[in-house]
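**Student:** Need coordinates for the below:
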Amino acid sequence: MARLEPYFPKSHGKPRVDDRRVLSGIIFINRNGLRWRDAPKKYGPLKTLYNRWKRWSDKGIFAQMMVGLAAEHGEEKTIMIDASYLKAHRTASSLGGQKGGRGRVIGKTKGAMNTKSQAICDCKERPLNLFVTAGQVSDYIGAKALLSSLPNVDWLLGDRGYDADWFREALEDKGIRACIPGRNQRKATVKYDKRRYKRRNRIETMCGRLKDWRRVATRYDGCPKVFLSAIALAATVIFWL
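**Tutor:** Residues are numbered from 1 along each chain as shown. Got it, this is the predicted structure:
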């Protein structure tokens, strides 16, 4: 709690209900994928839990927690980038008559409604930054969004989905060497360090651990900010506390 408290918003007027109890209830709900009405009574009124979760998610508090703690990573050598599909539950994917979901960041891929999580992690499998897009959006978009936040390291590992000339040039401008295999459509073969590339499994392990949290593996929240908060909260608890 001492590490998280600096990221809590200041309380105005009436003091907030016990932060430790409410945050513990929010973590319990997200880890187990429960409805808010199913929260154990020891965590307090469900309305208090939900309101705190929604307000802090809208303000980006949970994302700020993860990014703030991740800033202490100390990684200087290698980072990895990857994307992971997260299936949207019908409560989140119901478009309500709005074509394309209009801002819900949900897309249809291979017969299912999905959101794609883009992530960067260090050599210790700890996430450094996160970003979500609709499921059908290419990895290029996520790479472009995360490019400015890349730390000053020597190497970036990525799969073929990130094989683009502009991305390689952008990494080179930052002084980062790309270890990314070339797409099959390339006429010229792209050389890369195959031994170093094997380390990319660490980010896949990280994504798998995040999906152990039910509200991350399945998207129940219609609001993309709230869903991103669920991923950031899981990352914070699993890797940074």
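
**Student:** hey, let's count contacts and neighbours off CA atoms from now on
**Tutor:** OK.

**Student:** Go through the lowest-mean-pLDDT helix or strand in the chain and flag the buried ones.
**Tutor:** None of the helices or strands of the chain scores lower by mean pLDDT, DSSP states H and E than helix 90-93, at a mean of 81. Buried residues in helix 90-93, counted by 16 or more other Cα atoms under 10 Å: 92-93.

**Student:** How about stretch 155-162?
**Tutor:** 155-159, 161-162.

**Student:** pLDDT score assigned to the residue nearest the centre of the chain?
**Tutor:** Nearest to the geometric centre of the chain sits residue 130, at 3.7 Å (Cα atoms, centre = their mean). You'll see residue 130 listed with a pLDDT of 91.

**Student:** Quickly list what the residue nearest to it when sequence neighbours are not counted is bridged to.
**Tutor:** The spatially closest residue to residue 130, leaving aside those adjacent along the chain, is residue 119, at 4.6 Å (Cα to Cα, 6 or more residues apart in numbering). Under the criterion DSSP bridges, residue 119 forms beta bridges with residue 82, residue 130.

**Student:** quick one: the residue lying closest to residue 50 once chain neighbours are set aside and residue 25, what's the gap?
**Tutor:** Leaving aside its chain neighbours, residue 50 sits nearest to residue 36 (6.7 Å; criterion: Cα to Cα, 6+ apart). Residue 36 sits 9 Å away from residue 25, taking Cα to Cα, to the nearest Å as the criterion.

**Student:** repeat for residue 158
**Tutor:** Here the distance between residue 158 and residue 25 works out to 36 Å (Cα to Cα).

**Student:** Next up, the contacts around residue 51.
**Tutor:** By Cα atoms under 8 Å, 6 or more residues apart in numbering, the contact list for residue 51 is empty.

**Student:** Work out for me the element it sits within.
**Tutor:** Using DSSP states H and E, residue 51 sits in helix 46-58.

**Student:** Need the mean per-residue confidence for that helix.
**Tutor:** So the average pLDDT for helix 46-58 ends up being 95.

**Student:** May I have it as CSV, with CA atoms only?
**Tutor:** This file holds the C-alpha atoms of helix 46-58, laid out as CSV (Å, rounded to 0.1, in the frame of the first residue of the first chain):
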residue,chain,number,x,y,z
LEU,A,46,-20.7,-3.4,-3.7
LYS,A,47,-21.7,0.1,-4.7
THR,A,48,-18.6,1.5,-3.0
LEU,A,49,-16.4,-1.1,-4.8
TYR,A,50,-17.9,-0.4,-8.2
ASN,A,51,-18.0,3.4,-7.9
ARG,A,52,-14.3,3.5,-6.8
TRP,A,53,-13.4,1.1,-9.7
LYS,A,54,-15.3,3.1,-12.3
ARG,A,55,-14.1,6.6,-11.1
TRP,A,56,-10.5,5.6,-10.8
SER,A,57,-10.6,3.8,-14.1
ASP,A,58,-12.0,6.9,-15.9
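
**Student:** Can you give me the buried ones in stretch 199-211?
**Tutor:** 200, 202-204, 206-207, 209-211.

**Student:** For that stretch, C-alpha coordinates in CSV please.
**Tutor:** Provided in CSV are the C-alpha atoms of stretch 199-211 (Å, rounded to 0.1, in the frame of the first residue of the first chain):
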residue,chain,number,x,y,z
ARG,A,199,14.1,-15.1,-25.6
ARG,A,200,10.9,-13.7,-27.0
ASN,A,201,9.0,-16.4,-25.2
ARG,A,202,9.2,-14.4,-22.1
ILE,A,203,6.6,-11.9,-23.2
GLU,A,204,4.3,-14.8,-24.2
THR,A,205,4.7,-16.1,-20.7
MET,A,206,3.9,-12.6,-19.3
CYS,A,207,0.7,-12.5,-21.4
GLY,A,208,-0.3,-15.9,-20.2
ARG,A,209,0.1,-14.9,-16.6
LEU,A,210,-2.0,-11.8,-17.2
LYS,A,211,-4.8,-14.0,-18.6
